[in-house]
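Colleague: Provided below for reference: sequence and predicted model.
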Amino acid sequence: MAIVATQDLDGIRTKLTGWLAAHLPAGASGLEISDLKIPEGAGHSNTTLLFDARWTETGASRTGGFVARVRPHGRGVFPEYDMRLQYRCMEILGAHSNVPVPRMLWFEEDEKLLGGPFYVMEKLDGVVPADNPPYAIAGWVAEASPADQDALWRRSIAVLARIHRLDWRKLGFDFLDRPLYGPTGFEQQIAYYREYIGWAASGRGTPDLDQTLVWLETHKPDDDRIVLNWGDARISNMMYRDFAPIAVLDWEMACLGPPEADLAWFVFMNEFLTNAIGLPGVAGFPGRSETVAEYEKHAGFRVRDLHYFSVWAAFRFAVIMEAIETLMAHNGMDSPGIGGMARTALAKVRAGGD
């Protein structure tokens with residue numbers, strides 16, 4: 001579903017070759033880049049480049065696989081893209097936690113090379129559940145046994161709980177605090193989306209979203225728990241090997257807030273990609289109550305106000321879908337009507353039909 005301008009891959013290969021050669025250890029020579037491609041099914045947010053490299057170092061042949069994530073050109077899904085924020089999140093997690101992330105290698109501020117700042121990380125050998133076609137009906141998740149599906153879901157929930165148990169202050173995630181939006185925590189998320197909704201819709205009326213935002217503001221739980229929020233917590237942003245997570249990816253929506261904000265998003269996104277669009281669920285995935293129990297077992301605390309945060313998840317998703325429809329129109333592409341489906345899902349969640 002990536003919205004990416006036509007790329008001159010030969011030109012990019014030439015630029016990357018020179019750039020990477022300058023970042024390899026002194027004395028490395030004969031660098032060649034191969035298998036450069038933009039993967040199908042990449043998200044709307046960043047441009048992703050996959051490539052392999054071969055070079056000689058101290059007389060020995062070396063090889064490596066790499067992934068570059070480049071800030072999008074022009075309008076994107078969000079008003080701003082802080083590529084260094086994403087890099088720092090994974091760099092800290094890789095160095096100081098047991099949350100699995102790719103090894104972060106380099107960050108490049110200069111926009112001239114690829115048209116925007118970018119970072120490069122190690123390419124891992126694993127598989128990612130697809131959004132299109134949805135993993136519930138095609139691909140390795142759908143084809144797996146119910147036992148393997150169950151193991152994938154529970155192991156993923158365990159990793160989510162592991163993220164929430166981290167001491168974000170001690171690890172140095174203070175850069176996620178955005179005091180311009182209010183006190184540290186969930187109030188900042190609400191204030192951000194209060195601004196984001198108008199930008200996302202680009203002048204289109206959104207009365208149902210506006211009304212939901214008022215409901216969210218007036219029913220906000222009195223919860224003082226603040227944890228590291230992954231932000232886009234879902235299995236499609238994890239890489240797996242043998243049905244176990246080996247990497248937690250896509251930290252562009254990272255923030256600080258209650259753990260339920262991530263958990264509700266994790267559950268809602270799976271439900272939207274299955275039941276909400278008329279598809280059967282994954283047979284081996286545990287239901288909502290089992291998921292909550294599994295999460296609580298690993299997190300060590302009780303889940304609170306899940307319905308409220310389910311509405312929050314559905315609202316956030318609907319706003320982001322508005323932004324994607326605006327982006328598609330901006331790029332002259334026909335919308336598949338996903339904004340309407342997202343708002344329908346939001347109405348069902350608000351009514352308690354989630």
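Modeller: Structure's in. What do you need?

Colleague: which residues touch Ser29?
Modeller: Trp55, Thr56, Glu57 (CB atoms under 8 Å, 6 or more residues apart in numbering). The way it works is simple: take the backbone N, C-alpha and C, and place the C-beta from them, glycine included.

Colleague: with Glu108 instead?
Modeller: Contacts of Glu108 by CB under 8 Å, 6+ apart are Trp19, Leu114, Pro117, Phe118, Tyr119, Val120.

Colleague: verify the assumption that Phe51 is located in a helix.
Modeller: No. Counting by DSSP: H, G, I helix; E, B strand; the rest coil, Phe51 falls outside a helix, being strand.

Colleague: so it touches Ile33, yeah?
Modeller: Yes. In this structure, Phe51 is within contact of Ile33 by CB atoms under 8 Å, at 5.3 Å.

Colleague: with neighbour numbers in mind, choose between those two.
Modeller: Set side by side, Phe51 and Ile33 show more neighbours around Phe51, with 22 against 19, by other CB atoms under 10 Å.

Colleague: may I have the beta-bridge partners of the more buried one?
Modeller: Phe66 (DSSP bridges).

Colleague: longest helix in this structure, please.
Modeller: If you go by DSSP state H, the chain has its longest helix at helix 306-330.

Colleague: quick one: buried residues of the helix or strand just after it?
Modeller: Beyond helix 306-330 on the C-terminal side, the first helix or strand identified by DSSP states H and E is helix 338-350. Residues Ile338, Gly339, Met341, Ala342, Arg343, Ala345, Leu346, Val349, Arg350 are the ones in helix 338-350 that count as buried (16 or more other CB atoms under 10 Å).

Colleague: how far off helix 306-330 does helix 338-350 point, in degrees?
Modeller: 170 degrees (axes from the mean of the first three to the mean of the last three CA atoms, to 10 degrees).

Colleague: which residues are in contact with helix 338-350?
Modeller: Looking at what lies outside helix 338-350 - CB under 8 Å, 6+ apart - the contacts are 208-209, 212, 215, 268, 272, 276-277, 310-311, 313-315, 317-318, 321-322, 324-325, 354.

Colleague: hmm, 10 Å instead?
Modeller: 1, 200-201, 204, 206, 208-209, 211-212, 215-216, 264, 268, 271-272, 275-278, 307, 310-326, 328, 353-354 (CB atoms under 10 Å, 6 or more residues apart in numbering).

Colleague: tell me the secondary structure at Pro100.
Modeller: coil.

Colleague: any idea how many residues pack against it?
Modeller: 19.

Colleague: now do the contacts for it.
Modeller: With the criterion set at CB under 10 Å, 6+ apart, Pro100 makes contact with 93-94, 124, 126, 159, 162, 238-239, 244-249.

Colleague: which residues of the stretch 51-200 of the chain fall in helices?
Modeller: 83-96, 140-143, 146-165, 168-171, 186-201 (DSSP state H, counting those that start in this stretch).

Colleague: and of these, who's closest to Ala283?
Modeller: When those are compared by CB to CB, helix 146-165 sits nearest Ala283, at 5.1 Å.

Colleague: next, the angle helix 83-96 makes with that closest one.
Modeller: Using the same axes, to 10 degrees: helix 146-165 against helix 83-96 is 100 degrees.

Colleague: now helix 146-165 - C-alpha only, PDB.
Modeller: Extracted as PDB, the C-alpha positions of helix 146-165 are listed here (Å, rounded to 0.1, in the frame of the first residue of the first chain):
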ATOM      1  CA  PRO A 146      -4.000 -23.000  15.000                       C
ATOM      2  CA  ALA A 147      -1.300 -24.000  17.600                       C
ATOM      3  CA  ASP A 148       1.300 -21.900  15.800                       C
ATOM      4  CA  GLN A 149      -1.200 -19.000  15.400                       C
ATOM      5  CA  ASP A 150      -1.900 -19.100  19.100                       C
ATOM      6  CA  ALA A 151       1.900 -19.100  19.900                       C
ATOM      7  CA  LEU A 152       2.500 -16.100  17.600                       C
ATOM      8  CA  TRP A 153      -0.300 -14.100  19.200                       C
ATOM      9  CA  ARG A 154       0.700 -14.900  22.800                       C
ATOM     10  CA  ARG A 155       4.400 -14.300  22.200                       C
ATOM     11  CA  SER A 156       3.600 -11.000  20.600                       C
ATOM     12  CA  ILE A 157       1.500  -9.900  23.600                       C
ATOM     13  CA  ALA A 158       4.400 -10.900  25.800                       C
ATOM     14  CA  VAL A 159       6.700  -8.600  23.900                       C
ATOM     15  CA  LEU A 160       4.100  -5.700  24.200                       C
ATOM     16  CA  ALA A 161       4.000  -6.200  27.900                       C
ATOM     17  CA  ARG A 162       7.800  -6.200  28.000                       C
ATOM     18  CA  ILE A 163       7.800  -2.800  26.400                       C
ATOM     19  CA  HIS A 164       5.400  -1.500  29.000                       C
ATOM     20  CA  ARG A 165       7.500  -2.800  31.900                       C
END
